[in-house]
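K.L.:
Any chance you can model this:
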Amino acid sequence: MTTVLTVADGSPCPAGLPVLRTPLPLLTLRPLTVADADAYYDLIARNREHLTRNGDYEEIKTATRESVTTSFTSPSDRNIRYGVWESDRLIGRADLNPVDPPRYSIGYWLDEAATGQGYMTVACSALIDFARAVLGATDVFAGVTHGNSRSVAVLERLGFSPVADFEHHTRFHLPLSRRTTRGAAHAP
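P.N.:
Coordinates of the predicted model:
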């Protein structure tokens, strides 16, 4: 018998991706689907200035509902996209990019109104644990634009170390062979 994983509304997870639980009862990560396009667009619209403050996410300035829907329907990359949900409200996004499996990169952003509460640290921890346990990831990398001290703080709390400086960003690395699970669990 095959078990089909579902999201909160009962629809199947993309490619069988699980909902990721966190130690915070109301905070979960759910695979983003085309059904989430309107909620994601609304999240972008609320955060355009916040997202581009450090030069990140410049392409988001021109996002429309249609372009967001298209990006979910026909993605231009192989990223594993998760929405960060506080109860039933989409408050952020965290992606795993299979750059060179078993090495992945992680990218994330959070609604400005939800920052400063530890949500992204917990969400990224759950995503990294998933990458290690389910995808067999051995390393996770991240790039942070210079000046984005909050993102650097998230990575430092997760155990990442800076490994290279570039003109506009710093690359961080987390070897997973020494990392232990930090309380994140996968939904059954």
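K.L.:
Mind checking what secondary structure the nearest residue to I128 once chain neighbours are set aside has?
P.N.:
With sequence-adjacent residues excluded and distances taken as CB to CB, 6 or more residues apart in numbering, I128 is closest to V140, at 5.7 Å. Bear in mind the C-beta positions are built from the backbone N, C-alpha and C, glycine included. Look at V140: counting by DSSP: H, G, I helix; E, B strand; the rest coil, its state is strand.
K.L.:
What is the neighbour count of V140?
P.N.:
Close neighbours of V140, defined as other CB atoms under 10 Å, add up to 28.
K.L.:
Show the contacting residues for it.
P.N.:
96, 103-106, 128, 131, 160, 173-174, 176 (CB atoms under 8 Å, 6 or more residues apart in numbering).
K.L.:
switch the cut-off to 10 Å
P.N.:
For V140, the contact set (CB atoms under 10 Å, 6 or more residues apart in numbering) comprises 96-97, 99, 102-106, 124, 127-128, 131-132, 155, 158-160, 172-176, 179.
K.L.:
Which of the residues you listed are buried? Put it as a ChimeraX command.
P.N.:
Here is the ChimeraX command that picks out the buried ones among the contacts of V140, judged by 16 or more other CB atoms under 10 Å:
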select :96,97,103,104,105,106,124,127,128,131,132,155,158,159,160,172,173,174,176,179
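K.L.:
Mind checking which of the contacts of V140 are in strands?
P.N.:
96-97, 99, 103-106, 172-175 (DSSP state E).
K.L.:
Mind putting those residues into a markdown table with distance to S151 and pLDDT?
P.N.:
Output for the ones in strands among the contacts of V140, formatted as a markdown table (distance: CB to CB, whole Å; pLDDT from 0 to 100):
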| residue | distance to S151 | pLDDT |
| --- | --- | --- |
| L96 | 16 | 96 |
| N97 | 16 | 94 |
| V99 | 18 | 89 |
| R103 | 20 | 96 |
| Y104 | 17 | 96 |
| S105 | 13 | 97 |
| I106 | 11 | 98 |
| F172 | 9 | 98 |
| H173 | 15 | 98 |
| L174 | 14 | 98 |
| P175 | 20 | 97 |
